[in-house]
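>>> Everything below, folded, please.
(2 chains)
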Amino acid sequence: NAGVTQTPKFQVLKTGQSMTLQCAQDMNHEYMSWYRQDPGMGLRLIHYSVGAGITDQGEVPNGYNVSRSTTEDFPLRLLSAAPSQTSVYFCASSYRGLAGYEQFFGPGTRLTVL
Amino acid sequence: TQLLEQSPQFLSIQEGENLTVYCNSSSVFSSLQWYRQEPGEGPVLLVTVVTGGEVKKLKRLTFQFGDARKDSSLHITAAQPGDTGLYLCAGARAGGTSYGKLTFGQGTILTVHP
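Modelled structure (predicted):
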């Protein structure tokens, strides 16, 4: 199993450009999430999905869109990139184990917006 | 306002020393998780605690969940250079939706010198 994969690994955008960060998982997990990680802020939830066709907003959703057409894929779209969106983005998939939801994270995408 | 306050933010110690990282909140959590993250990679789950007062051990790491389920601690005995990394606590809010959305602390950067 590849686990959670993310592409690209690095990306540089100009202000106003749009792009899609890709995320895929092969563990058949129902739940998937997108987080951003900024220095001193931990990870903040952007959007999440509890299954194909179902998405909801997290803590910091503005400027981002998601869709979940399949169990495996959960892309994150930046509509019009801004310097404030410079961050490291992590996708995670999770399932409900005996001890609660266990999350598996991808390797991250480092995004710089100029 | 950070829902989960982690302390200290930075910890630099010598090999063989003991250390404790704290994760505190005024909110009650149904479960609390600890992750370890290495540079350029996503967080990896270490442990989940779900019962107030619960103590879990993972080799030299001891995790404790507070009796009121508002706080947690991670204690490392005889730290080794391989323990170096970013440690994150994350809580699933009690009484939330069926999907346990996680709230992360700011993280503790641990450096263990040989």
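>>> So what's the residue count around the residue nearest to residue A:49 when sequence neighbours are not counted?
Ranked by Cβ to Cβ, 6 or more residues apart in numbering or on different chains and with sequence neighbours excluded, the top spatial neighbour of residue A:49 is residue A:68, at 4.2 Å. Placement of C-beta: from N, CA and C, glycine included. Residue A:68 has 19 neighbouring residues, counting by other Cβ atoms under 10 Å in any protein chain shown.
>>> I'd say residue A:68 and residue A:47 touch.
No: contact criterion Cβ atoms under 8 Å: residue A:68 and residue A:47 do not qualify, at 9.4 Å.
>>> What part of chain B, helix or strand, is modelled with the least confidence?
For chain B, the helix or strand with the lowest mean confidence is strand B:102-104, at a mean of 87 (criterion: mean pLDDT, DSSP states H and E).
>>> do the helix or strand following that strand and chain A meet?
For strand B:102-104, the succeeding helix or strand toward the C-terminus, using DSSP states H and E, is strand B:108-113. No: Strand B:108-113 lies out of reach of chain A by Cβ under 8 Å from any Cβ of the partner chain, never closer than 10.0 Å.
>>> Quick check: can you name the pairing partners of strand B:108-113 and their directions?
Take DSSP bridges as the rule and strand B:108-113 pairs in its sheet with strand B:10-14 (parallel), strand B:85-93 (antiparallel).
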